[in-house]
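Visitor: Here is a sequence with its predicted model. Questions after.
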Amino acid sequence: MALPIKYNLRNLVVRKGSTLATAFTIGLTVAVFLMVMALARGIDLTLSSSGEPLNLIVVREGSTAELNSSVSREQFNDLRYLDGVVKEGDQPLATAEIITLIYKPRKGMSQGSNVMVRGVGPMSFKLHSGFQVVQGRTFQAGLTEAVVSKRISERFQGLDVGDKFRIQTTDYTVVGLFETGGKAFESEIWVDVNSLASTTNRETFSSVLLRVNDANALSALSKRITDDPKLHLKAVSERTFYEDQQGVASGALKVLAGFITFIMAVGAGFAGMNTMYAAVARRTKEIGTLRVLGFGRMSILIAFLLESMVVALLGVVIGVLLAMPLNFVSTGTSNWTNFSEIAFNFKVTFDLILIAFIFGAMIGFVGSLLPSIRAARLRIVEALRA
Amino acid sequence: MRFAKLILKNVLRNKLRTLLTVSSLVVSLFLIVTLGTILTEFERGSKEGNPSRLMTRHSVSLAFLLPIGDLQRIQAVQGVKAVMPFTWFGGIYKDERNFFANFAVDAKKMREIYPEVKMTDAEWQAFAADRQGAVVGKKLAVMYGFTPGQRITLKSPIYNQDVEFIVRGIYSGNDEKTLFFHHEYLNELVASAGADWAKDKAGIFAALANTPEDVPRISQEIDAMFVNTDAPTKSESEREFAASFEAMMGGVKKFLYGIMAAITFSLLLVMGNTMAMTVRERTKEVGTLKAIGFKRYTIAGLFLGESILVSVVGAAIGIGAAVLLYRSVDMSYYIPNFVSFKPEPETVIAAFVLSLIVGIVSVGYSTYRVTGLTIAQALRSTE
């Protein structure tokens, strides 16, 4: 015969201070877990959403990033007219871009980070979808003008509309701010590719982007370019290219999340155990009475386990509520692949919340198992005499 | 101290509870010391850099290189003892996961500019004599089994080449996870790779000033010298240079402080809850003590002493375990980019003070309430 759940809930209300303290302890553990994982998830999602599935990015063989790659003008001309590249009218959907870095101080600090500057051509706006000017206008081809991502403009000094920044000996004027729907490009500054080439005295491009019709064409073209012994180039799907950058920053964060939450969970488990032992001790007489009334050992065990699971779940709810506002927080760190800033939002995703619930329930279960067994094993006579 | 024995008896009255509370404290403080040490390691470069050393780089960013000819002009600045090129190579040993820094330098000047890099005279000479020679830090040698005379190949994504080096020395110093090789050798590679953009260029110039006081003036003079050239420079002390890399981490540092605050708060809840239970259960006793003439403050002192004793014991074990562990196992072998993993005295003291505060605060409210009861109220308690 099971004890009504109302019995547990009322008990929790009676010792509400203790209930809340335990729930909050579990809640904070869950919140820390969610915080670190949401940071890692934010980086991952930003990078994985950046590559378009039907874009092929071409870099020099052996390059690990666009920054240390180079593709010559002749190579670009060969690449864009290859079979399988989508055409718009008579123009192939292909673009060649140049990447460089500028060091900028963060707002309110004297030190800062590298911001990626991408020289783009007219086709770039078609190949990177989602580009949208949110303030001012876009740059004019041939001029030393720049559009800055809104996030970068918010995080670094001197990158608002009307400001100037210097590359080599040339001043660029910021004429607008843009967004790209959360992609890695929101960590960049875009300028005209030809102007950047002359500013930096570069004869080669950093990368070439090609649009293909379907997945088959993508793998065929990628193989053709990579296997061509004369080209010395490497072609991969843009999606894979960005996903491969995930590991460095978010991998370390995930290890950290695991380490911190494991230790915090052990601490919370001990705290939960303490509370439950106290609850059992205080209710010894009560347990005796319940046993006399005919409730079996199993019912007592389940009742106490259930009681602490309720506390644990309350804790998870508190933790999730504490972590949810992070979804609106934007932050940035270094993407070590390119030595440049990557700006992103924390992402408390559904699967993380699900993991948090399982995790919280485990803390509740493990923490209350021993005290519940003690409650169940009490002998009626002794319990009543307590 | 008259009550020391009583406090100890009280602590041991509910052994299981004390054990669980102490365990909770132990793991939390272990974690706080660990996170504190991670923070220290993030900031080590900017705190411990040589104050007489300065670094010159391209003012736009490190992606732009400086003409090697700048070296002579920097050398001529008054107060500069020595200067050498210091260029990031970015070579990868076998697999990207084996990341370690590698720089092209001037082997002859390195000893003067980096006096903390220690090798035997024979090793310095062997390094200088071999164009293909390289020296590696002690930790790298342990991690990858590098031995003098060994040929090692680094894959360079920047120059798209596999480059062979011969280990000529194993140095000890602050950062023992770096490989240094000859800048002349880099120049040859640049030529054979056809990387014209890097021809006769250096990424950074590392210079040693006569005194730390000279550094700001020298930095200004160097930057003024190149301001109107194709490659304007930014010079700063090594510490500021390191700080600029630390700032690249962005929000991560603040984030770690946030986690530490959450752990502390959670600890406060755990201790607060336990102490509240402990104090409440003894309400009747408080009545008795009061009845036989104990003052409120004495009784409060007993509770306070008990709480502090528990938190100090927990803290001592937790902090001690962290310090012992990180002293005996150098975690920097396992964490990329970390050159050391040493809990600093500041971290240890801060953690200890934190545990004291937790001990005091957590017992405050319940003690205030229970010891404030009148004798009759306390004795009538049903707890």
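Guide: Perfect, thanks for sending it.
Visitor: Show me where the chain dips below the pLDDT cut-off.
Guide: Just so you know, I chose chain A. Along chain A, segments meeting pLDDT under 70 span A:1, A:247-249.
Visitor: The intended chain is chain B.
Guide: Looking along chain B with the criterion set at pLDDT under 70, you get B:1, B:383.
Visitor: middle-most residue in it, spatially?
Guide: Nearest to the mean C-alpha position of chain B, counting by C-alpha atoms, centre = their mean, stands B:Glu41 at 1.1 Å.
Visitor: That residue against B:Pro336, yeah?
Guide: No. Taking contacts as C-beta atoms under 8 Å, B:Glu41 lies outside contact range of B:Pro336: 11.9 Å. C-betas here are computed from N, CA, C, even on glycine.
Visitor: who touches both of those two?
Guide: Residues touching both B:Glu41 and B:Pro336 (C-beta atoms under 8 Å, 6 or more residues apart in numbering or on different chains): none.
Visitor: Pairing partners for the longest strand that chain B contains, with directions?
Guide: Identified as the longest strand of chain B according to DSSP state E is strand B:161-171. Strand pairing for strand B:161-171, using DSSP bridges, gives strand B:133-137 (parallel), strand B:151-156 (antiparallel).
Visitor: right, so those strands: which one is the most enclosed?
Guide: Most buried of the strands paired with strand B:161-171 by mean neighbour count (mean count of other C-beta atoms under 10 Å in any protein chain shown) is strand B:133-137; its value is a mean of 25.
Visitor: pull the CA atoms of whichever helix or strand comes after that one into PDB?
Guide: Per DSSP states H and E, strand B:133-137 leads on to helix B:138-144 as the next helix or strand towards the C-terminus. Presented in PDB, the C-alpha positions along helix B:138-144 are these (Å, rounded to 0.1, in the frame of the first residue of the first chain):
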ATOM      1  CA  LYS B 138      61.500  20.100 -20.300                       C
ATOM      2  CA  LYS B 139      57.800  19.400 -20.200                       C
ATOM      3  CA  LEU B 140      57.600  18.900 -23.900                       C
ATOM      4  CA  ALA B 141      60.500  16.500 -23.700                       C
ATOM      5  CA  VAL B 142      58.600  14.500 -21.000                       C
ATOM      6  CA  MET B 143      55.300  14.600 -23.000                       C
ATOM      7  CA  TYR B 144      56.700  13.500 -26.300                       C
END
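Visitor: Can you name the residues of the stretch 101-250 of chain B that neighbour chain A?
Guide: B:155-158, B:160, B:197, B:230-232, B:234, B:240, B:243-244, B:246-250 (C-beta under 8 Å from any C-beta of the partner chain).
Visitor: Return the members of the residues you listed classed as buried.
Guide: Applying 16 or more other C-beta atoms under 10 Å in any protein chain shown to these, the neighbour count classes B:155-158, B:160, B:231-232, B:234, B:240, B:243-244, B:246-250 as buried.
Visitor: Please identify the helix or strand for the residue of chain B positioned farthest from its centre.
Guide: Distance from the C-alpha centroid of chain B peaks at B:Ala376, with 56.8 Å (C-alpha atoms, centre = their mean). B:Ala376 belongs to helix B:375-379 when assigned by DSSP H and E.
Visitor: which strands and helices sit next to that helix?
Guide: helix B:283-291 (3 or more C-beta pairs under 8 Å, 6 or more residues apart in numbering or on different chains; DSSP states H and E).
Visitor: How about the helix it packs on, which residues are buried there?
Guide: B:Thr283, B:Glu285, B:Val286, B:Gly287, B:Leu289, B:Lys290.
Visitor: any idea how far B:Met277 is from the last one?
Guide: The one in question is B:Lys290. Look at B:Lys290 and B:Met277: by C-beta to C-beta, to the nearest Å, they are 21 Å apart.
Visitor: Contact residues of the stretch 251-386 of chain A facing chain B?
Guide: Going by C-beta under 8 Å from any C-beta, the residues of the stretch 251-386 of chain A near chain B are A:252, A:259-260, A:263-264, A:266-268, A:270-271, A:273-275, A:277-278, A:331-334, A:339, A:341.
Visitor: Can you select the buried ones from those in ChimeraX?
Guide: Per 16+ other C-beta under 10 Å, the buried members of these correspond to this ChimeraX selection:
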select /A:252,260,263,264,266,267,268,270,271,273,274,275,277,278,331,332,333,334,339,341
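Visitor: Return the subset of the buried ones among the residues of the stretch 101-250 of chain B next to chain A lying in helices.
Guide: Among these, DSSP state H puts B:Glu240, B:Ala243, B:Ser244, B:Glu246, B:Ala247 in helices.
Visitor: List just the nearest of the residues you listed to chain A.
Guide: Comparing these against chain A with C-beta to the nearest C-beta picks out B:Ala247 as the nearest, at 3.5 Å.
Visitor: thought that closest one was touching A:Lys107?
Guide: No. With contact defined as C-beta under 8 Å, B:Ala247 and A:Lys107 do not form a contacting pair (11.8 Å).
Visitor: Show me how far the longest helix along chain A is from its chain's centre.
Guide: Selection of the longest helix in chain A by residue count, based on DSSP H, yields helix A:246-282. How far helix A:246-282 lies from its chain's middle: 21 Å, per C-alpha atoms, centre = their mean, to the nearest Å.
Visitor: which SS class is the nearest residue in space to B:Lys284 that is not next to it in sequence?
Guide: Of all residues not flanking B:Lys284 in the chain, B:Ser381 sits nearest, at 5.4 Å (C-beta to C-beta, 6 or more residues apart in numbering or on different chains). The three-state label given to B:Ser381 by DSSP: H, G, I helix; E, B strand; the rest coil is coil.
Visitor: show me the contacts for B:Ser381.
Guide: B:Thr283, B:Lys284, B:Gly287, B:Leu373.
Visitor: which among those gets closest to A:Thr19?
Guide: B:Thr283 (19.9 Å; C-beta to C-beta).
Visitor: For the chain, which segments are assigned as strands?
Guide: Just going to use chain A. Under DSSP E, chain A gives strands at A:55-60, A:87-88, A:91-92, A:94-105, A:112-120, A:132-136, A:145-149, A:164-167, A:170-179, A:188-192, A:207-211, A:233-237, A:330-335, A:340-345.
Visitor: Switch to chain B, please.
Guide: Listed in chain order, the strands of chain B (DSSP E) span B:53-58, B:66-67, B:80-88, B:92-93, B:101-105, B:133-137, B:151-156, B:161-171, B:178-182, B:201-202, B:204-209, B:233-237.
Visitor: Would you mind naming what in the stretch 251-383 of chain B lies close to chain A?
Guide: Residues of the stretch 251-383 of chain B found near chain A (C-beta under 8 Å from any C-beta) are B:251-252, B:255, B:258-259, B:262-263, B:265-267, B:269-270, B:272-274, B:276-277, B:336.
Visitor: Which ChimeraX command selects the buried ones in those residues?
Guide: Of those, the buried ones can be selected in ChimeraX as follows, counting by 16+ other C-beta under 10 Å:
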select /B:251,252,255,259,262,263,266,267,269,270,272,273,274,276,277
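Visitor: In helices, which of the residues of the stretch 251-383 of chain B next to chain A fall?
Guide: Using DSSP H, the subset of those located in helices is B:252, B:255, B:258-259, B:262-263, B:265-267, B:269-270, B:272-274, B:276-277.
Visitor: hang on, the earlier thing: which members of the contacts of B:Ser381 are the farthest-apart pair?
Guide: Top of the distance list for the contacts of B:Ser381 (C-beta to C-beta): B:Lys284 and B:Leu373, 10.3 Å.
Visitor: what's the most centrally placed residue in chain A in contact with, if anything?
Guide: When C-alpha atoms, centre = their mean is applied to chain A, the residue found nearest the centroid is A:Gly42 (1.7 Å). Going by C-beta under 8 Å, 6+ apart, A:Gly42 touches A:Thr331, A:Phe344, A:Asn345, A:Phe346, A:Lys347.
Visitor: Can you lay out the residues you listed as a markdown table showing distance to B:Leu29?
Guide: As requested, the contacts of A:Gly42 are exported to a markdown table (distance: C-beta to C-beta, whole Å):
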| residue | distance to B:Leu29 |
| --- | --- |
| A:Thr331 | 28 |
| A:Phe344 | 32 |
| A:Asn345 | 33 |
| A:Phe346 | 27 |
| A:Lys347 | 31 |
